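[1] I'd like to go over a predicted model; first the sequence, then the structure.
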Amino acid sequence: MRRRRRQKVGVQGVGLLTLIGLGALLSGDKAGTAGIVFVLALIASIAIYWFMQKEKRLRALKLADVDRMEGAEFESYVRNLLLHQGFRVSLTGRSGDLGVDLIAQRDGYKYAVQVKRYTPPVSRRAVSDAVAGKDHYGCSAAMVVTNSYVTEGAIKLARSTRCQLVDRDTLAEWILAFQASGQRSRAENTLS
């Protein structure tokens with residue numbers, strides 16, 4: 001919700017700067033400076049609009065859309081879902097990530113997150129990778145997020161290593177919560 005308020009304030013601020021710059025430009029007062037302010041405000045307005053549209057597209061995704069994503073695209077989407085869940089999240093990088101795709105922090109815990117966009121059930125290897133990468137990245141916990149389900153072996157290993165599993169059902173709940181927050185934000189913006 002805070003993010004929406006910041007975006008709204010940002011859009012209002014940029015709009016105000018645009019009007020000031022346009023007014024100064026039309027009045028002939030320091031036309032060069034006013035023109036620069038106007039152009040910068042216009043560029044900022046376009047950038048904010050683009051980011052807001054991108055967020056709207058992400059919120060409209062369904063689980064079937066997630067199933068068609070490429071691996072890197074899915075990692076980015078899971079990053080957004082984790083942000084919505086209240087985590088601070090960073091990407092580890094593409095090559096040499098040691099089985100850890102994201103680092104997520106919340107409530108004093110730092111999670112090594114393995115993201116798997118799979119069709120078959122995810123095996124215990126994903127859990128092993130997340131748990132093994134945990135120490136390398138200085139994390140206190142491990143998590144595996146998948147658009148699929150997990151094997152019995154993965155569940156057993158996750159229990160014994162305290163690795164949090166986010167399977168297709170939980171992912172669907174996260175997506176619905178992400179979408180619902182966008183609908184609430186749009187309704188709040190309509191009322192204000």
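    Now that the structure is in, tell me what you want to look at.
[2] partners of the top strand by length along the chain in the sheet?
    With residue count as the measure and DSSP state E as the assignment, the chain has strand 109-116 as its longest strand. Sheet pairing of strand 109-116 (DSSP bridges) gives strand 102-106 (antiparallel), strand 141-146 (parallel).
[3] what's around the closest residue to G138 other than its chain neighbours, how many residues?
    Leaving aside its chain neighbours, G138 sits nearest to K110 (6.9 Å; criterion: Cβ to Cβ, 6 or more residues apart in numbering). Heads up, the C-betas are built off the backbone N, CA and C, glycines and all. A count of nearby residues for K110, using other Cβ atoms under 10 Å, gives 16.
[4] Give me the distance between K110 and V78.
    Look at K110 and V78: by Cβ to Cβ, to the nearest Å, they are 16 Å apart.
[5] which residues sit against the longest strand of the chain?
    71, 74-75, 78, 82, 87, 99-105, 122, 126-127, 129-131, 133-134, 136-148, 164 (Cβ atoms under 8 Å, 6 or more residues apart in numbering).
[6] Might you report the residue contacts of L98?
    Per Cβ under 8 Å, 6+ apart, neighbours of L98: D129, A132, G133, H136, Y137.
[7] and the second one, what element?
    Going back to what we said before, that points to A132. A132 belongs to helix 124-136 when assigned by DSSP states H and E.
[8] any chance you could map the helices in the protein?
    2-27, 31-59, 63-67, 71-84, 124-136, 152-161, 168-191 (DSSP state H).
[9] rank those by pLDDT, which is bottom?
    The minimum mean pLDDT among the helices of the chain belongs to helix 2-27 (a mean of 59).
[10] From E73, how far off is the closest residue to V150 other than its chain neighbours?
    Nearest residue to V150 in three dimensions, chain neighbours excluded: V122, at 4.8 Å (Cβ to Cβ, 6+ apart). Going from V122 to E73 by Cβ to Cβ gives 18 Å.
[11] Looking at those two, which one has more neighbours?
    V122 (23 against 12).
[12] list the contacts for that one?
    Contacts of V122 by Cβ under 8 Å, 6+ apart are K116, V144, T146, S148, Y149, V150, T151, A154, D167.
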